[in-house]
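Peer 1: I would like to see how this sequence folds:
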Amino acid sequence: MAPSGQKIVGGGPKKVLYTLATIGRMGVGKAAKALTAKNACKACAYGMGGQRGGMTNELGEFPSVCNKSVQAQSTDIQPAIPKAIFEHTIDDLAELTGREMEHLGRLDTPLFKAPGADRFTPVDWDFALGLAADRLMATDPQRSFFYSSGRSSNEAGFLFQLLARAFGTNNVNNCSYYCHQATSEGLATTIGKATASVELEDLTGTDLIFVIGANPSSNHPRFIHMLKNCRERGGQVIIINPAREPGLVKFAVPKSPSSMLKGGSDIASDYCQPRIGSDIALMKGIAKAVLELGLEDKAFIAAHSSGFAEFATDLDGLDWETITTACGINRDEITHLAQQYGRAENAVFAWGMGMTHHIHGVANVEAIANLASLRGMVGKRFAGLLPLRGHSNVQGIGTIGVKPVLARDVLEKMEAAFGVSFPEPKGMDTMACLKTAEAGGIDSAVIMGGNLWGATPDTAFASRAMAAIGFKLFLTTTLNMGHVHGLGKGAVLVLPVTARDEEWEPTTQESMFNYVRLSDGGIRRLDNVRPESWILGEIGARVLPTSPIDFKAFSAHAKVRDAIAAIVPGMEELADIDVAKREFHIKHRVMHTPQFGTLDGKAHFVVTSLPQMAPASLTLATVRSEGQFNTIIYEEADSYRGGAGRDAVFLNAEDMAGFGLREGQAVTIASDVGRMRAVARAFDLPRGSAMAYYPEANVLVGTAVDPRSKTPAFKSVSVRLELDGAPA
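Peer 2: Got it, this is the predicted structure:
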């Protein structure tokens, strides 16, 4: 079961040369200033930077930088988009690829598309802010929604949701509904907390790390360093992923001379490839084997858990044939994984969107938490649960309230602090907002960062829903495909905002380890961009001139931090972070003792049912490439998957032979909602499995969501292949 040698190795000299070339294009001086400034990394939520320095993490490790960091900086350092670009029609711009859109340059002027117009017109700030206020004041608040990506600061995020609620709507969302909302729901039912139970330091003492449904070699490169260190300490790294990703088998860590010299370090000690969407069966199989081998932690279960009897009874009634048939992994391999788990003194379970992007995503997370509790691997040092979150401050945006439902105590504190009453109607999640928009029920949308159009499943639906919104206000650093698709006949306003290291005042961000960093800002690159908080303050003052909230004054970040510290539990230290320069872990989240956030203070075992998988010849998962971040495309070819292009569909080689397909052959992938032209590429996947790139393959993904987390099933789509118009 140990992984065999691979021709492709993650990291290595090519990535070093790519990073150097990117720095060269940026200019060495500009790149050095951006990367070494005291600002949190703009890429993934693994986190680095802040007051210890731009390339240092909270453990003091230097240099903590990866090509994702450099890519993000390269976008922000671009010069302004030439004004001549806006002489072209929106249809012209819509012909550009995602990569071409990102490389137009930085947006440095407000843009306005009048109702029925075919192009953007640059406008000044007074006109833009006045128009935004007029359109919002003409909107029934219940017919609006506010959406934020995870790039914004805690300060801007808090002001964003405050403006929305004071305006009169709880339709407030962040991008987690399309990524890790299932994690928050699944952890709440099992350990009573919605975030990681570990801190970064815990990874230095673990002797087993599970990586489930994630590809950190592409999406969280800094995490690979911890996996390598675990192996070098004699520990284990068990990868559970339908695709055998080369970077998870072997990775040449640029920071490590020995790793580079020997052609890469071994990452996976075991690599398990279940069928797409069958993870609950595998998790239950490992748990069943742990119990059969007598490897459970009886003392932990007795003293610190509830629901174990029902959990054990459910496993006892589940036969091995059902398990192995469902997941495609034989009993011997599952037992081996249970034995490896049984050897561990300290295990960390890490997972990504391969777990959450399913109709049963919450149950997937519950199954992982069950397995951790079975051996007492939650509530102690060097062990626990670690969701691998995507954007750098997506967790912070949720912490400070950019979500449709706030805890009652937080809502009451906020109303008392500002002397206002917020709307009663329950807010809608992201998909519900868009379905309401498609039905004609949304008149205005305020979208802060991200690419909502590109991130939404069923691209035809996304276009219809967005086009039906009469007024769309975007806050962004660069143009992306979501600014030129789905615009419809209504009015559109696009406002240019500062990047994190350009903020006029210090800001804060929260990593996936619940660690809050302080970013200095202060770099000046463009003359006509404005901080998000400044824009929100100006709009708030115009839209709600008689509100008790002084939005202009409240856009000052220190004032916002005082409010967050007084209102949001665990964030008390935020109040003086700009003075003390003391970054911190949010209180009561890291679990080094078996004290849980549930009502009874115990870890809860939850019985998870095997999902009913629809019969399909192929089940497709959408994936990211090595050269992208979220919807942002930096490189068209994927160096970790044989140079495949954005139109690739990856298939099992035997399946390809059965379909009569050859490598590189054009094929059409079809689902119940769409069709996509693609190029067939062989990849190490289980039979019946397929992969294609997000967001291009969103055209195939339906809008059905997990009923508990409201997360779409980007990772389990029933598809079929068509050759010359006939099914393969």
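
Peer 1: Can you show me the helices along the stretch 51-200 of the chain?
Peer 2: With DSSP state H, counting those that start in this stretch as the criterion, the stretch 51-200 of the chain has helices at 67-76, 90-94, 98-102, 125-137, 154-167, 181-190.

Peer 1: The fourth one: how far from the chain's middle?
Peer 2: Counting by C-alpha atoms, centre = their mean, to the nearest Å, helix 125-137 is centred 31 Å from the centre of its parent chain.

Peer 1: Please spell out which residues along that helix are buried.
Peer 2: Trp125, Ala128, Leu129, Leu131, Ala132, Ala133, Arg135, Leu136 (16 or more other C-beta atoms under 10 Å). C-betas here are computed from N, CA, C, even on glycine.

Peer 1: looking at the helices of the stretch 51-200 of the chain, which is buried most?
Peer 2: Among the helices of the stretch 51-200 of the chain, helix 154-167 has the highest mean neighbour count (mean count of other C-beta atoms under 10 Å), at a mean of 27.

Peer 1: Least reliable of the helices of the stretch 51-200 of the chain by average pLDDT, please.
Peer 2: Looking at the helices of the stretch 51-200 of the chain, the lowest mean pLDDT belongs to helix 67-76 (a mean of 81).

Peer 1: elements contacting that one?
Peer 2: helix 12-26, helix 28-36, strand 628-629 (3 or more C-beta pairs under 8 Å, 6 or more residues apart in numbering; DSSP states H and E).

Peer 1: ok, and what's touching the shortest one?
Peer 2: So that's strand 628-629. Ala43, Cys44, Lys68, Gln71, Ala72, Asn219, Tyr634, Glu635, Tyr693 (C-beta atoms under 8 Å, 6 or more residues apart in numbering).

Peer 1: sec struct for Cys41, please.
Peer 2: coil (DSSP: H, G, I helix; E, B strand; the rest coil).

Peer 1: Would you mind confirming that it makes contact with Ala72?
Peer 2: Yes. Here Cys41 reaches Ala72: they are 7.5 Å apart, a contact under C-beta atoms under 8 Å.

Peer 1: Export the helices of the stretch 51-200 of the chain as JSON lines, with columns for distance to Gly317.
Peer 2: Shown next, in JSON lines, are the helices of the stretch 51-200 of the chain (distance: least, C-beta to C-beta, whole Å):
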{"stretch": "helix 67-76", "distance to Gly317": "45"}
{"stretch": "helix 90-94", "distance to Gly317": "55"}
{"stretch": "helix 98-102", "distance to Gly317": "48"}
{"stretch": "helix 125-137", "distance to Gly317": "56"}
{"stretch": "helix 154-167", "distance to Gly317": "45"}
{"stretch": "helix 181-190", "distance to Gly317": "21"}
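
Peer 1: just so I know, which of these lies nearest Ser555?
Peer 2: Closest of the helices of the stretch 51-200 of the chain to Ser555 is helix 154-167, at 6.3 Å (criterion: C-beta to C-beta).

Peer 1: how big is the angle separating the closest one from helix 125-137?
Peer 2: 50 degrees (axes from the mean of the first three to the mean of the last three C-alpha atoms, to 10 degrees).

Peer 1: C-alpha coordinates for helix 154-167, CSV please?
Peer 2: Provided in CSV are the C-alpha atoms of helix 154-167 (Å, rounded to 0.1, in the frame of the first residue of the first chain):
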residue,chain,number,x,y,z
ASN,A,154,-12.0,41.6,10.2
GLU,A,155,-12.6,45.3,10.4
ALA,A,156,-14.2,45.6,6.9
GLY,A,157,-16.2,42.4,7.5
PHE,A,158,-17.7,43.6,10.7
LEU,A,159,-18.6,46.9,9.2
PHE,A,160,-20.1,45.1,6.1
GLN,A,161,-22.5,43.0,8.2
LEU,A,162,-23.3,45.9,10.4
LEU,A,163,-24.3,48.0,7.4
ALA,A,164,-26.4,45.2,6.0
ARG,A,165,-28.3,44.6,9.3
ALA,A,166,-28.7,48.3,9.9
PHE,A,167,-30.0,48.6,6.4
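
Peer 1: confidence score at Val679?
Peer 2: pLDDT, Val679: 97.
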